[in-house]
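**Q** build me a model from this:
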Amino acid sequence: MEKFIFEQSTLFSEDILALLKSTVIIMPNWKWGLLAIAIALGIVLRPLIQFILKEIKKHNPFVKKYPKSFSAYLLNQKIEHPTAWLLVIFFWFGIGDAITLTGKFEIYYNHFLRGLVAIYVIRLIYYCVDALSSVFADVAAKTESTYDDQLVPFASKTLKVLVVVLGVLIALQSFGLNVMSLLAGLGLGGLALALAAQDTAANLFGSITILFDHPFKVGDWVKVKDMEGTVEEIGFRSTRIRTFYNSVITIPNAMMAKETIDNMGIRPYRRIRQILGLTYETPPEKIEQFCDQVRYMIKQHPKVNSETVTVNFNNYNASSLDVLVNFHIQVFTGAEELEHQQAIFVDILKIAANMKIDFAYPTQTVYQKRSEVVPPSF
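**A** Residues are numbered from 1 along each chain as shown. Below is the predicted model:
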């Protein structure tokens, strides 16, 4: 029988010493007691350790001095939670070694604690990836190119997937499993999984194509088939587009990579085209004056490309004399486009009102021809 650590102690009576030294399940009762006390103590102390770490982090002058550094971003994450658990787990490891656990229970105990260590280490590395992504995002924001702005979140997600996969493999290896043999044994199953995951693989390659081909970026206004909106996120599997009625459309990247994409967001100028229908009673001289004044007014607008302004009488319609108004305006958002378009259209109404020109609306004039009445002959 293993020596009881409290063998020479006078704190316990002979009956209690005999009970503690006796073995009911696997190992002596005193080891179970110490292990239970250690586990309970770790669970009780864990919130206190987490609080202390949080206070140390909060009063760290390095964060205020270098707010854009990797260390500052990392300390701004909730790293105190996994760190406190790791300290408690290492304490449990130490207790297990100190009391010399027995037989297979020691193996199961150590495997369980190693699994917990793997979980919290992966979580800590997750926070490191987030901090590193924030540093790269700051660097990307200082460059003129928008390509790196899209690449940073994509690379961050890739790193997180690698962290989980490698973390699980390393944990399995630490449990004594031969990871390479396990992967080789899963070869046939992996083939079946690959066949079942063709769509996922196609979407992954589609996302890579989008990032390197750069047909659009986050924030662009795009049209894909009958879908239209602003790109919110480019992910591994899909691209999310916020529509103009405020819903979100999720489009698989495999589809985005092969469809025709109309990128409305990169237009240097946006065309505005309108047909103004004047009444047939409008004199030709007034039509010419109206066209000249509208053309001059539009060319004076600071956002309009004056070289593309067209204002001309161009069509005899069924109920109107049509004047074509066509020009290009330099704006970057839909709201800005509508704002300047409204201002120009209101000015056109003012010009028409000053010149006493009426706009036509669909009308029909019916002419009835009277037939001559022939008197009856007798």
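
**Q** and residue 249, what does it touch?
**A** The neighbourhood of residue 249, defined by Cβ atoms under 8 Å, 6 or more residues apart in numbering, consists of 227, 229, 240, 241, 243. No exception for glycine: its C-beta is placed from N, CA and C like everyone else's.

**Q** which element, helix or strand, includes it?
**A** Element membership of residue 249, judged by DSSP states H and E, is strand 248-252.

**Q** average pLDDT across the helix or strand that that strand is followed by?
**A** Moving toward the C-terminus from strand 248-252, the next helix or strand (DSSP H and E) is helix 253-258. For helix 253-258, the per-residue pLDDT values average out at 80.

**Q** buried residues in whatever helix or strand comes next after helix 253-258?
**A** Using DSSP H and E, the next helix or strand after helix 253-258 towards the C-terminus is strand 261-263. Buried residues in strand 261-263, counted by 16 or more other Cβ atoms under 10 Å: residue 261.

**Q** chain center to the helix or strand containing residue 170: distance?
**A** Counting by DSSP H and E, the element that carries residue 170 is helix 147-174. In terms of Cα atoms, centre = their mean, to the nearest Å, the gap separating the centre of helix 147-174 from the centre of its chain is 17 Å.

**Q** picking that back up, just the ones of the contacts of residue 249 in strands?
**A** Judged by DSSP state E, the subset of the contacts of residue 249 located in strands is 227, 229, 240, 241, 243.

**Q** of all these, which two lie farthest apart?
**A** The largest separation in the ones in strands among the contacts of residue 249, counting by Cβ to Cβ, is between 227 and 240 at 11.4 Å.

**Q** who has more neighbours, those two?
**A** Per other Cβ atoms under 10 Å, whichever of residue 227 and residue 240 has more neighbours is residue 240, with 16 against 12.

**Q** tell me the pLDDT at that one?
**A** Confidence score, pLDDT, at residue 240: 88.

**Q** just list whatever residues bridge to it.
**A** In this structure, residue 240 bridges to residue 233, residue 250 when assessed by DSSP bridges.

**Q** and it, what does it touch?
**A** 231, 232, 233, 248, 249, 250, 251.

**Q** re the thing from before, could the ones in strands among the contacts of residue 249 go into a markdown table alongside distance to residue 59?
**A** Output for the ones in strands among the contacts of residue 249, formatted as a markdown table (distance: Cβ to Cβ, whole Å):
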| residue | distance to residue 59 |
| --- | --- |
| 227 | 51 |
| 229 | 46 |
| 240 | 40 |
| 241 | 44 |
| 243 | 47 |
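
**Q** with respect to residue 214, which of those is nearest?
**A** Distance ranking of the ones in strands among the contacts of residue 249 against residue 214, using Cβ to Cβ, places residue 241 first at 16.8 Å.

**Q** so how far is residue 230 from that closest one?
**A** The gap separating residue 241 from residue 230 is 7 Å, by Cβ to Cβ, to the nearest Å.
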